[in-house]
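**Q** just need the structure, nothing else, for what follows:
(chains A, B, C and D)
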2 protein chains.
Amino acid sequence: MKRSRPLKRKTKRPEPKRPEPEAVDLRSIDDDPVVQGILTAISQKRLKPGAKLGEDKLAAAFGTTRIHIRQALAHLASRKVVMQIPNRGAFVYRPSWEEAQDVFAARRIIETATVAAAIDRLDKTGKAALKAHMELEAKHDRNDRWASLSLTAEFHILVAKLAGNKVLLDMSRELMLRTSLAIATFEQPGEPDCSPDAHPDIGALILARDKTGAIHAMRHHIEEMEQRIRPSEGEDEVDELTAIFQEIGARARAGG
Amino acid sequence: MKRSRPLKRKTKRPEPKRPEPEAVDLRSIDDDPVVQGILTAISQKRLKPGAKLGEDKLAAAFGTTRIHIRQALAHLASRKVVMQIPNRGAFVYRPSWEEAQDVFAARRIIETATVAAAIDRLDKTGKAALKAHMELEAKHDRNDRWASLSLTAEFHILVAKLAGNKVLLDMSRELMLRTSLAIATFEQPGEPDCSPDAHPDIGALILARDKTGAIHAMRHHIEEMEQRIRPSEGEDEVDELTAIFQEIGARARAGG
DNA sequence: GCGCCAAAAATTGGCGCCAATTTATTGATT
DNA sequence: AATCAATAAATTGGCGCCAATTTTTGGCGC
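**A** Next up is the predicted model:
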């Protein structure tokens, strides 16, 4: 750095030789197992808002090095899933009450539009996927709270996928996560995130191509979730990161 | 790391001593000057899609160290403003044609909802801010293409601010940037991003609290932008990072 | 017993170094 | 002369070390 070269103006660019990375090797940080693990733990509410994510502990838990953990945490901080405080570390993001309400308002806007687009684009493949998911949700073991939470989120993601807009899909993913954090922060404990029969209703309306009905049902469903939280503040500590992530890893390998 | 301690179970947590980071020191990576500089350069189209962002060059340009640059690039990659390819480096993101269309579709949804919310919440302060911006846009030097592009984006950001939803505001910011990238990638060169009189029209409708009209004008405005791009592929190279960022830094310090 | 102050431990932040990969240059071959 | 292969240069990726800050621990006085 700071070489004392005499400002060698680069040659007249003899041939660009295709320095453009057209469509290569697009693997994203989202596929990183550390990122995935933390996201899974949060959406399943094993990691609660405010929980500290120590770099050394995470590195040990995931069996990797600290620099890798830091990259993952930085990414999660960019997505407002993790809050990083200088010299203090990373914590699971805890939204303010206003922010929690903003998340639900954004979901009302985006998911009503999404469900409409999904109906417009609905084809054979989409119908099959939707039916498959609805069966999964109907038959799943309701005692497995973690599986329930995953399925619940995946329904909304599936609708976003059916809409066929990658940008909206990413936004929906982000909003699902932030909803998890909002609910985990402000919920009255014990209640599920989604009322159990809202998803079958919405799914049926989509399959029937009843756009007005589906939009209305989706808005009602989101409002129902929103009304379940209250502006209080719950405090809780979580540790034993190792155990949590080892179990998640085992599930992932087993195909959960 | 890997100390051979006998699994000392932590004591029964005598007092949590408030390990929760309630509301401290929330400065975000978004305030980072490197991030700001790159974002400004992109939204002003000084950095074109596909341009390489070399770590050493950026470090020299910003007068900082490489590790700092890497953090900034990682953050920008999380926000899909920069594309990072393993072992090859970071490039200004170049959206696909489908992705560009998705961005405009998302903007139609979000910004029509945003302008409606802005009208609902419009108060004295908001009116003043809107009028002030409209004057700025009317009087500004149209020959200063970089200032024009900044003002153009700021109008949409202002509307999002008036809506009073931080989540939607962040999404609008992201969509503005991705719009810049989409237009820069697929535009016919020479035309401005926004037609010049669309913003005054929309602003007037907001001030008149004409919700239906404002929504319609906003949708039309976005569709107009969308119809200005075509699925081609322009190739172009940009270098001289140092000059670009030094000039941006000088402007920022001078209050631009 | 409670709170304040100082020392020790733990954690994060950052820099330098070096290996791995890619990119550019040079030289040989058809 | 153009193509391809081998070498050299440049760039990114990652690990270890150490400084800076925070958190905990221990001790003292009120």
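**Q** where does residue A:47 sit: helix, strand or coil?
**A** Secondary structure, DSSP: H, G, I helix; E, B strand; the rest coil: residue A:47 is coil.
**Q** so, low pLDDT: which residues of chain A?
**A** When residues are selected by pLDDT under 70, those of chain A lie in A:1-27, A:189-194, A:196, A:232-256.
**Q** biggest helix in it, by residue count?
**A** helix A:97-121 (DSSP state H).
**Q** report all helices and strands that that one contacts.
**A** Judged by 3 or more CB pairs under 8 Å, 6 or more residues apart in numbering or on different chains; DSSP states H and E, helix A:97-121 is in contact with helix A:145-163, helix A:166-186, helix A:198-207, helix A:211-226, helix B:97-121, helix B:166-186. To be clear about C-beta, it is placed using only N, CA and C from the backbone, and glycine gets the same treatment.
**Q** distance to residue B:210 and mean neighbour count added to these, as JSON lines?
**A** Below are the helices and strands packed on helix A:97-121 laid out as JSON lines (distance: least, CB to CB, whole Å; neighbours: other CB atoms under 10 Å in any protein chain shown):
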{"stretch": "helix A:145-163", "distance to residue B:210": "30", "mean neighbour count": "20"}
{"stretch": "helix A:166-186", "distance to residue B:210": "28", "mean neighbour count": "22"}
{"stretch": "helix A:198-207", "distance to residue B:210": "33", "mean neighbour count": "19"}
{"stretch": "helix A:211-226", "distance to residue B:210": "24", "mean neighbour count": "18"}
{"stretch": "helix B:97-121", "distance to residue B:210": "8", "mean neighbour count": "21"}
{"stretch": "helix B:166-186", "distance to residue B:210": "21", "mean neighbour count": "22"}
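**Q** need the ones you listed in CSV with distance to DNA strand D, can you?
**A** Listed next are the helices and strands packed on helix A:97-121 as CSV, based on distance: least, CB to the nearest atom of the strand, whole Å:
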stretch, distance to DNA strand D
helix A:145-163, 29
helix A:166-186, 20
helix A:198-207, 40
helix A:211-226, 33
helix B:97-121, 22
helix B:166-186, 20
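**Q** measure how buried the residue nearest to residue A:33 when sequence neighbours are not counted is and give me the count.
**A** The shortest distance from residue A:33 to any non-neighbouring residue, by CB to CB, 6 or more residues apart in numbering or on different chains, is to residue A:62 (6.8 Å). Other residues near residue A:62 come to 21 when the count uses other CB atoms under 10 Å in any protein chain shown.
**Q** before we move on, what about residue A:209?
**A** Neighbour tally, residue A:209, other CB under 10 Å: 11.
**Q** grab the nearest non-local neighbour of it.
**A** In space, and not counting its chain neighbours, residue A:209 is closest to residue A:119: 5.4 Å by CB to CB, 6+ apart.
**Q** what sits against that neighbour?
**A** A:206, A:209-211, A:214 (CB atoms under 8 Å, 6 or more residues apart in numbering or on different chains).
**Q** same thing with residue A:169?
**A** Remark: with contacts taken as CB under 8 Å, 6+ apart, residue A:169 is in contact with A:157, A:160-161, A:163.
**Q** walk me through the domains of chain A.
**A** Residue ranges for the domains of chain A, per automatic domain parsing: A:30-94, A:97-226.
**Q** end-to-end on the shortest one?
**A** By CA to CA, to the nearest Å, the extent of domain A:30-94 from end to end equals 21 Å.
**Q** excluding chain neighbours, what is closest to residue A:35?
**A** Closest to residue A:35 by CB to CB, 6+ apart is residue A:72, at 4.8 Å.
**Q** can you verify my assumption that that neighbour contacts residue A:34?
**A** Yes: counting by CB atoms under 8 Å, residue A:72 touches residue A:34, with 4.0 Å between them.
**Q** ok, these two, which is more surrounded?
**A** Between residue A:72 and residue A:34, counting by other CB under 10 Å, residue A:72 is the more crowded of the two (26 against 22).
**Q** so is the helix or strand hosting that one next to DNA strand C?
**A** In this structure, residue A:72 sits in helix A:66-78 according to DSSP states H and E. Yes: Helix A:66-78 comes into contact with DNA strand C (CB under 7 Å from any atom of the strand), by way of residue A:70.
**Q** give the other helices and strands that that helix contacts.
**A** The helices and strands touching helix A:66-78, judged by 3+ CB pairs under 8 Å, 6+ apart, are helix A:33-43, helix A:55-62, strand A:82-85, strand A:89-92, helix B:66-78.
**Q** if you set the cut-off to 10 Å instead, what comes out?
**A** Judged by 3 or more CB pairs under 10 Å, 6 or more residues apart in numbering or on different chains; DSSP states H and E, the packing partners of helix A:66-78 are helix A:33-43, strand A:52-53, helix A:55-62, strand A:82-85, strand A:89-92, helix B:66-78.
**Q** the second one near DNA strand D at all?
**A** In this case it means strand A:52-53. No: applying CB under 7 Å from any atom of the strand, one finds strand A:52-53 out of contact with DNA strand D, separated by at least 9.1 Å.
**Q** from the contact counts, what lies against that strand?
**A** Checked by 3+ CB pairs under 10 Å, 6+ apart, strand A:52-53 has helix A:66-78, strand A:82-85, strand A:89-92 packed alongside it.
**Q** and the angle for the first one with helix A:166-186?
**A** Translated: helix A:66-78. 90 degrees (axes from the mean of the first three to the mean of the last three CA atoms, to 10 degrees).
**Q** CA atoms only for helix A:66-78, dumped as CSV, please.
**A** Written as CSV, here are the backbone C-alpha positions of helix A:66-78 (Å, rounded to 0.1, in the frame of the first residue of the first chain):
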residue,chain,number,x,y,z
ARG,A,66,-14.2,-16.6,15.2
ILE,A,67,-13.7,-14.7,12.0
HIS,A,68,-16.4,-16.7,10.4
ILE,A,69,-18.8,-16.0,13.2
ARG,A,70,-18.1,-12.3,12.9
GLN,A,71,-19.0,-12.3,9.3
ALA,A,72,-22.3,-14.1,10.0
LEU,A,73,-23.1,-11.7,12.9
ALA,A,74,-22.4,-8.7,10.7
HIS,A,75,-24.7,-10.1,8.0
LEU,A,76,-27.5,-10.7,10.6
ALA,A,77,-26.9,-7.2,12.0
SER,A,78,-27.4,-5.8,8.5
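**Q** isn't residue A:156 up against residue A:112?
**A** No: look at residue A:156 against residue A:112 with CB atoms under 10 Å: they stay out of range, at 11.9 Å.
**Q** overlap in contacts, these two.
**A** Taking CB atoms under 10 Å, 6 or more residues apart in numbering or on different chains as the contact rule, the neighbours common to residue A:156 and residue A:112 are A:218, A:222.
**Q** quick one: the closest residue in space to residue A:103 that isn't next to it in sequence from residue B:70, how far?
**A** Nearest residue to residue A:103, sequence neighbours excluded (CB to CB, 6+ apart): residue A:178, at 4.7 Å. Distance, residue A:178 to residue B:70, using CB to CB, to the nearest Å: 26 Å.
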